[in-house]
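1. coordinates for the following, if possible.
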Amino acid sequence: MGGSDYSRVEQAIRYLEQNAREQPDLAELANHVGLSEFHFQKLFRQWAGVTPKDFLQCLTLNRAKALLSESHSLLETSLEVGLSGTSRLHDLFLNLEAMTPGEFKRAGEGLAIQWGVHATPFGEALFAITGRGLCGLGFLGDEPRSAAVAELQARWPEAKLTEASIQTEPYAREVVSRMMGQPTGTLSLLLKGSPFQVQVWKALLAIPEGKVVSYRDLAQLAGAPGASRAVGTALAMNPIGYLIPCHRVIRSTGAIGDYHWGSLRKQALLGVEGARALEREHVS
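-> Okay, here's the model as predicted:
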């Protein structure tokens, strides 16, 4: 595609960022860049990887998180980001985060979290779940189980934590299947972090198994070129190891770099995934 196509997409993104509060629809965006709705939707998806509607939802969600973190009420936040009321804000959070805006604002107050420790091919890991999905996955390594539980509690300071290995076992079984290259089902994730952190964690999901990127590349994927240091901080705060694949980020020199759960485990993860990717290439 030519430069004029990129200019249209850039123009559309700028328009979305400047007018997100008005929640422009597809027809308005297409008219702004001088294209039909069909051609604009196709062009935007080719360049951005998501539809204009999805992109606008992410912008709205990030703005809403920032406002809630600044102690705005749910109604104030809803109106400020261009939603007609708290019910639409509620739906937005559930659709994109599997978390209500109230839960995000209260840091987990009233939220019940069950946790259990299970064996995986890469060592024991603590799994934490809520009624809406997996909210924590961390390898134990040499640290005591109590340290991992304390880290989970610090992330959800107002939540009630209960040990319940029977309830977490199905999640562990599915994760182990994925680690062995044999996923058998779907998993819902409940993420809690700053808008920038969530943006980085979502960008990680675009990195396929067997591939690695540099911190600089990830900053580009997250829409924050030049923010490599901030990206590194976001990786260190990743609450769901392996599934949010921060192990696939290495230094630009090719060095493996740091990993929250140990550089040796990171090397093992990359080695297994790389071998599996080569095997798929040979089969195809």
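2. quickly note the distance from the nearest residue to residue 120 once chain neighbours are set aside to residue 141.
-> In space, and not counting its chain neighbours, residue 120 is closest to residue 176: 5.4 Å by CB to CB, 6 or more residues apart in numbering. (Each C-beta comes from the backbone N, C-alpha and C, glycine too.) According to CB to CB, to the nearest Å, residue 176 and residue 141 sit 17 Å apart.
3. if we can go back for a sec, isn't the residue nearest to residue 120 right up against residue 124?
-> No. Counting by CB atoms under 8 Å, residue 176 does not reach residue 124; the two are 11.6 Å apart.
4. the more surrounded of those two?
-> residue 176 (17 against 13; other CB atoms under 10 Å).
5. which residues are in contact with that one?
-> 118, 120-121 (CB atoms under 8 Å, 6 or more residues apart in numbering).
6. pLDDT (mean, whole number) over the lengthiest helix in the chain?
-> Identified as the longest helix of the chain according to DSSP state H is helix 263-283. Average pLDDT, helix 263-283: 82.
7. likewise stretch 123-137?
-> Stretch 123-137 comes out at a mean pLDDT of 92.
8. and the contacts of that stretch?
-> Defining contact as CB under 8 Å, 6+ apart, one finds that stretch 123-137 is touched by 98-99, 111-118, 138-141, 145, 148-149, 152, 155-156, 161, 167-168, 171-172, 175, 187-192, 239-243, 265.
9. mark which of those are part of helices, please.
-> Short answer: the contacts of stretch 123-137 in helices (DSSP H) are 145, 148-149, 152, 155, 167-168, 171-172, 175, 265.
10. make a PyMOL selection of whichever of the residues you listed turn out to be buried.
-> Buried residues within those, by 16 or more other CB atoms under 10 Å, are selected in PyMOL with:
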select buried, resi 148+149+152+155+168+171+172+175+265
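11. show me the strands in the chain, by range?
-> Taking DSSP state E as the criterion, the chain carries its strands at 112-118, 125-130, 133-139, 160-163, 213-214, 249-250.
12. buried stuff in the fourth one?
-> By that I understand strand 160-163. In strand 160-163, counting by 16+ other CB under 10 Å, buried: residue 161.
13. again with the first one
-> Neighbour counts over strand 112-118 (16+ other CB under 10 Å) mark 113-118 as buried.
14. and residue 157, how many neighbours?
-> So residue 157, with other CB under 10 Å, has 10 neighbours.
15. can you read off the pLDDT for it?
-> 84.
16. ends of stretch 215-229, what's the gap?
-> Stretch 215-229 has its terminal residues 8 Å apart, counting by CA to CA, to the nearest Å.
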